[in-house]
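Novice: Build me a structure from this.
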Amino acid sequence: MEFTRLDKAEPDDKGAVTVHAEAAADVVHGLLAEFYETVARAKGLAPDAPWDAVEEAGQAGMGAEAFRELRRDFVVNRMAGDALAALGLTPALTPNIHVLDYPADGEGFAVELSVVEQPRLTLSSYEPVEVVMDEVAVTDRLIAARVAEVLDHYAAYEEADPHPVRAGDIVAIDVDTQQDDKMVPHLSGKRMILEMDGESMPAPFLEAVVGMEVGETKTVEYAVPRPRAITPDDVDRYVSTVTVLAQQRKVEVELTDAWVHAHYPTIDTVAEFFAETRKDVEYDAKLFNRDTLAHLANVEVEKRLVGDIPDEFYQASYRSLMNKFEADLSQQGKTLDDYYEEEQTNEQELSVKMLIQSGENLRQGFALEALFDGRGMTLADEDVESAAARFFGGSPTVDELRRTGRARLAESMAKRAAALSWLVDTAVVRGE
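Specialist: Numbering: from 1, shown residues only. Below you'll find the predicted structure:
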């Protein structure tokens, strides 16, 4: 891409470089033509369809203002990507882009970027790492435990003769638990099955239920020490109203060929059921061992990182992790307050946890890229496209990634994946 103006300022005290890029009217026309062709294909129109027709089809799905912003973002991303490439700048954080106008056909266009470059980092060694871990071994005991879990899932409960609740009983209860006049979901429920020697409810609550008769209702006030409590009064206080509905008897599943075939039609015998369970456990163990090895290898290569990482990267990593965490909660229909309540934690503890995790993620990611570059590894287009599909979704091609300004991030993700795979494949593993 040709620019009528392209220059950069010296880095400021935070390492940010300001870039100014201007393109002439003919370049802007070419970018807009590329945009309209892309939209036309997406809307099932001919690539050379009139721009008015493409606009009408595009605006039908998102509105005129959103379409206008999409067109602007397309031009800005293309200009920004080409400007950075021409200046030899490799941003490690999403550039801050400043534009005052919308691109118009027949007119030039200018963008201003604030870019923080990738820090110059190396490793003290590029050789395979050594880790200490005991791999999970698949034993008959592990298989039996998995089978027991499956059977427990199918277990039923039936009413037993009423008597005062005692330790070891199983009872059906209605319970409403409040904390500061708010219902606590994970400590409340209708016709909950409560095992008196279990851990589904706090110990003080279980102690209060002991001795209750079927049909009796009681209100219980109790306190539970918070995780990592350092003083006796560092507790959560609850008020639970509980009604014992019935005594229960657990009806265990009898594992027979008939039961197996009834619940797993593709399996005929108990022996086959155990064999299939072994396959599942072996697969899970293989994934667990590889994931554990990847984590430990990542930690080891991070220790070799040489160079300074500006604070802006830690702040961006923290914000990104928190945004993802809140988005994941939102998909579950939960808020941060719900999380604090369920996990018996608070904003300060979560913030510290996220700061630590985001810092580890940042350093380990940079270490993997340094390993990739230091060992002279290379990427094929397929590697970049695969990484982009995992990160962005869909099936973007390398050309599409370059046009939309996402190629650098996709290449970074692909580098890290390739380096981590090499680390895991070459790691020297010693048992504890």
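
Novice: Just the C-alpha atoms of the host helix or strand of Ala172, please, in PDB.
Specialist: Using DSSP states H and E, Ala172 sits in strand 170-179. The C-alpha trace of strand 170-179 is given here as PDB (Å, rounded to 0.1, in the frame of the first residue of the first chain):
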ATOM      1  CA  ILE A 170     -29.900 -39.900  54.100                       C
ATOM      2  CA  VAL A 171     -32.800 -37.500  54.300                       C
ATOM      3  CA  ALA A 172     -34.900 -35.400  51.900                       C
ATOM      4  CA  ILE A 173     -35.100 -31.700  52.900                       C
ATOM      5  CA  ASP A 174     -36.400 -28.400  51.900                       C
ATOM      6  CA  VAL A 175     -34.000 -25.700  52.900                       C
ATOM      7  CA  ASP A 176     -33.800 -21.900  52.400                       C
ATOM      8  CA  THR A 177     -30.500 -20.300  53.400                       C
ATOM      9  CA  GLN A 178     -30.100 -16.600  53.700                       C
ATOM     10  CA  GLN A 179     -27.000 -14.400  54.100                       C
END
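
Novice: Okay, buried residues for the longest helix along the chain please.
Specialist: What stands out as the longest helix in the chain, according to DSSP state H, is helix 270-302. By neighbour count on 16 or more other CB atoms under 10 Å, the buried set for helix 270-302 is 270, 273-274, 277-278, 281, 289, 293-294, 296-298, 300-302. For glycine as for every other residue, the C-beta is placed from the backbone atoms N, C-alpha and C.

Novice: and if you look at stretch 391-399?
Specialist: Buried-residue list, stretch 391-399, by 16+ other CB under 10 Å: Pro396, Val398.

Novice: before we move on, what about stretch 178-190?
Specialist: So stretch 178-190, judged by 16+ other CB under 10 Å, has buried residues Gln178, Val184, Leu187, Ser188.

Novice: Restricted to strands, list these.
Specialist: Residues from the buried residues of stretch 178-190 lying in strands, with DSSP state E as the criterion: Gln178.

Novice: Asp373: which of the buried residues of stretch 178-190 is nearest?
Specialist: Distance to Asp373, by CB to CB, is smallest for Val184 among these, at 50.8 Å.

Novice: For that closest one, give me its contacts.
Specialist: Thr177, Gln178, Tyr238, Glu341 (CB atoms under 8 Å, 6 or more residues apart in numbering).

Novice: Which SSE is immediately downstream of the longest helix of the chain?
Specialist: According to DSSP H and E, the helix or strand after helix 270-302 is strand 305-306.

Novice: Look up how far Ala208 lies from Pro202.
Specialist: The gap separating Pro202 from Ala208 is 10 Å, by CB to CB, to the nearest Å.

Novice: Give me the common contacts of the two.
Specialist: With CB under 8 Å, 6+ apart, Pro202 and Ala208 have common neighbours Tyr222.

Novice: returning to what we had before: which one of the buried residues of helix 270-302 is nearest to Arg41?
Specialist: Ala294 (39.0 Å).

Novice: residue contacts, the closest one?
Specialist: Leu420, Leu423, Val424.

Novice: one step back: out of the buried residues of stretch 178-190, which comes closest to Gln118?
Specialist: Using CB to CB, Val184 comes nearest to Gln118 of the buried residues of stretch 178-190, at 46.4 Å.

Novice: any idea of the pLDDT on the closest one?
Specialist: With respect to pLDDT, Val184 has a value of 89.

Novice: Quick one: mean pLDDT over the longest strand belonging to the chain.
Specialist: Across the chain, the longest stretch assigned as strand under DSSP E is strand 235-251. Strand 235-251 carries an average pLDDT of 94.

Novice: Parallel or antiparallel, which strands does it pair with?
Specialist: In the sheet, strand 235-251 lines up against strand 156-159 (antiparallel), strand 170-179 (antiparallel), strand 217-225 (antiparallel) (DSSP bridges).

Novice: Let me have those in CSV, adding mean pLDDT and distance to His29 as columns.
Specialist: Listed next are the strands paired with strand 235-251 as CSV, based on pLDDT from 0 to 100; distance: least, CB to CB, whole Å:
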stretch, mean pLDDT, distance to His29
strand 156-159, 94, 72
strand 170-179, 96, 63
strand 217-225, 94, 68
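
Novice: Quickly compare the ones you listed and say which is most buried.
Specialist: Most buried of these by mean neighbour count (mean count of other CB atoms under 10 Å) is strand 170-179; its value is a mean of 18.

Novice: Show me how far that strand is from its chain's centre.
Specialist: Computed by CA atoms, centre = their mean, to the nearest Å, the chain-centroid distance of strand 170-179 equals 33 Å.

Novice: and the most centrally placed residue in the chain, which of the three is it?
Specialist: Central residue of the chain (CA atoms, centre = their mean): Lys324, 6.4 Å from the mean position. When classified by DSSP: H, G, I helix; E, B strand; the rest coil, Lys324 comes out as helix.

Novice: now swap in the one 10 residues further on and tell me
Specialist: For Lys334, the reduced secondary structure class is coil; criterion used: three-state DSSP.

Novice: What residues does Val115 make contact with?
Specialist: Going by CB under 8 Å, 6+ apart, Val115 touches Ala16, Val17, Thr18, Val19, Leu84, Leu89, Pro91, Pro95.

Novice: measure the second one to Thr90 for me?
Specialist: From Val17 over to Thr90 the distance is 11 Å, taken as CB to CB.

Novice: Next: the third one.
Specialist: Here the criterion is CB to CB. By it, Thr18 lies 16 Å from Thr90.

Novice: Between those two, which is the more surrounded one?
Specialist: A direct count of neighbours by other CB atoms under 10 Å for Thr18 and Thr90 places Thr18 higher, at 16 against 13.

Novice: Figure out how far stretch 75-85 is from the centre of its chain.
Specialist: Averaged C-alpha coordinates place stretch 75-85 at 29 Å from its chain's average position (CA atoms, centre = their mean).

Novice: As PDB, could you dump the C-alpha coordinates of it?
Specialist: Coordinates of each C-alpha in stretch 75-85 appear next as PDB, following Å, rounded to 0.1, in the frame of the first residue of the first chain:
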ATOM      1  CA  VAL A  75     -10.200   0.500   6.000                       C
ATOM      2  CA  VAL A  76      -8.500   1.500   9.300                       C
ATOM      3  CA  ASN A  77      -7.300  -2.100  10.000                       C
ATOM      4  CA  ARG A  78      -5.900  -2.400   6.500                       C
ATOM      5  CA  MET A  79      -4.100   0.900   6.700                       C
ATOM      6  CA  ALA A  80      -2.900   0.200  10.200                       C
ATOM      7  CA  GLY A  81      -1.500  -3.200   9.300                       C
ATOM      8  CA  ASP A  82       0.300  -2.000   6.200                       C
ATOM      9  CA  ALA A  83       1.700   1.100   8.000                       C
ATOM     10  CA  LEU A  84       3.100  -1.000  10.800                       C
ATOM     11  CA  ALA A  85       4.600  -3.500   8.400                       C
END
